[in-house]
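J.: Predicted model, plus sequence, below.
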Amino acid sequence: MRVVVGAAVVRDGRLLVAQRAEPPDMRGRWELPGGSVEDGESETDALARELREELAYAVVVGDRLGPDVPVTGRAGQELVLRFYRCTPENGAEPVALEHLALRWVGIDDLDGVEWLPADEVLLPALRAALEGSP
Ligand SMILES: Nc1nc2c([nH]c(=O)n2[C@H]2C[C@H](O)[C@@H](COP(=O)(O)OP(=O)(O)OP(=O)(O)O)O2)c(=O)[nH]1
């Protein structure tokens with residue numbers, strides 16, 4: 001099954017969220033940046049690659065975060081979303097090369113984000129990750 005990996009990047013107690021530009025029915029909704037794992041690629045390599053491509057952003061990929069989330073893709077195919085904690089590699093800022101916008105959200109802002117529906121399942125794990133961060 002195709003795995004889509006997503007990054008929970010936490011910096012200074014805030015989580016990086018990204019606003020999708022496409023497809024039209026997802027436009028404007030917020031997600032954790034990431035994308036599909038390609039054949040022969042590890043999940044951690046895929047996630048680091050996606051963040052370099054989408055955000056010109058270098059991260060170190062850490063542990064898994066939250067449950068696997070099954071979703072149906074655009075073509076009706078079954079996907080599984082899998083999330084990892086990530087740490088910025090340096091002090092650079094991510095750049096929205098493919099998204100409409102980027103935000104760093106604190107724990108009190110998590111519920112107010114207009115998430116992609118599948119991501120709502122992750123909120124308890126995200127809350128715990130932000131509570132445990134400085
Ligand atoms: N990256 C990411 N995708 C998510 C999240 N939540 C969610 O439902 N998705 C869905 C949206 C898409 O159907 C799919 C990932 O698509 P994508 O466009 O980011 O990645 P991709 O590399 O597979 O791109 P493409 O080949 O499909 O164009 O997973 C999330 O938090 N992050």
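T.: Done, it's in.

J.: Flag every residue of this structure that's near the ligand.
T.: Proximity of the chain to the ligand is confined to 4, 6, 31-32, 34-36, 71, 73-74, 79, 81, 116, 118-119 under the rule C-beta under 6 Å from any ligand atom. Where C-beta positions appear, they are placed from N, C-alpha and C, glycine not excepted.

J.: now, which of those residues sits nearest A129?
T.: Proximity of the residues of the chain next to the ligand to A129 (C-beta to C-beta) peaks at L32, which lies at 11.2 Å.

J.: how many neighbours does that closest one have?
T.: Using other C-beta atoms under 10 Å, L32 is surrounded by 25 other residues.

J.: residues contacting it?
T.: Contacts for L32 (C-beta atoms under 8 Å, 6 or more residues apart in numbering) come out as 6-8, 16-18, 83, 119, 122.

J.: The residue nearest to it when sequence neighbours are not counted sits in which helix or strand?
T.: Once flanking residues are discounted, L32 sits nearest to G6: 3.8 Å by C-beta to C-beta, 6 or more residues apart in numbering. Using DSSP states H and E, the element containing G6 is strand 2-11.
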